[in-house]
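Trainee: following is a predicted model, sequence given first.
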Amino acid sequence: MGFSKLLEAMRRLSIDVNDREICKKLETLMLTSKDDLNISIIKVLLQTPMDFDPRDVPDPYTQYVKHFIYMVKRNEKAGNQLHVYEDEDAISKKNKK
């Protein structure tokens, strides 16, 4: 679940070949790994990427978290807020109103 959340967020922010290659590598890692990323840590990353410390995620995933934070910063400089995250609970509450 944690892998898929991070991968989904990274794909939304992808704008070049390098981004897509990194997403492919993360997907490969996701498919071959026995462990998943902690979903609560990933939610914190997605909600507050600028305040997140990549060292909170174990290796070899740190490099992907760092790239995600780079993508967020790059998009913010361009005036985009594509990284804004809402979890399923918040979305379902909005849809019920």
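Mentor: All right, it came through fine.
Trainee: residues in contact with residue 29?
Mentor: The contact partners of residue 29, taken as Cβ atoms under 8 Å, 6 or more residues apart in numbering, are 3, 60, 61, 64. For every residue, glycine as well, the C-beta is placed using N, CA and C.
Trainee: so what's the backbone phi/psi at the second one?
Mentor: When you say that, I think you mean residue 60. phi -90, psi 10 (degrees, to the nearest 10).
Trainee: now render the contacts of residue 29 as TSV, adding distance to residue 76 and secondary structure.
Mentor: Supplementary listing: the contacts of residue 29 in TSV, determined by distance: Cβ to Cβ, whole Å; DSSP: H, G, I helix; E, B strand; the rest coil:
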residue	distance to residue 76	secondary structure
3	24	helix
60	26	coil
61	23	coil
64	19	helix
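Trainee: give me the buried subset of those.
Mentor: 3, 61, 64 (16 or more other Cβ atoms under 10 Å).
Trainee: now the first one: how far from residue 78?
Mentor: Distance, residue 3 to residue 78, using Cβ to Cβ, to the nearest Å: 27 Å.
Trainee: and if you look at the last one?
Mentor: As defined by Cβ to Cβ, residue 64 lies at a distance of 21 Å from residue 78.
Trainee: next: the second one.
Mentor: Distance, residue 61 to residue 78, using Cβ to Cβ: 26 Å.
Trainee: how much space separates the closest residue to residue 44 other than its chain neighbours from residue 67?
Mentor: The spatial neighbour of residue 44 that comes closest, neighbours along the chain excluded (Cβ to Cβ, 6 or more residues apart in numbering), is residue 52 at 6.4 Å. Counting by Cβ to Cβ, the separation of residue 52 from residue 67 is 13 Å.
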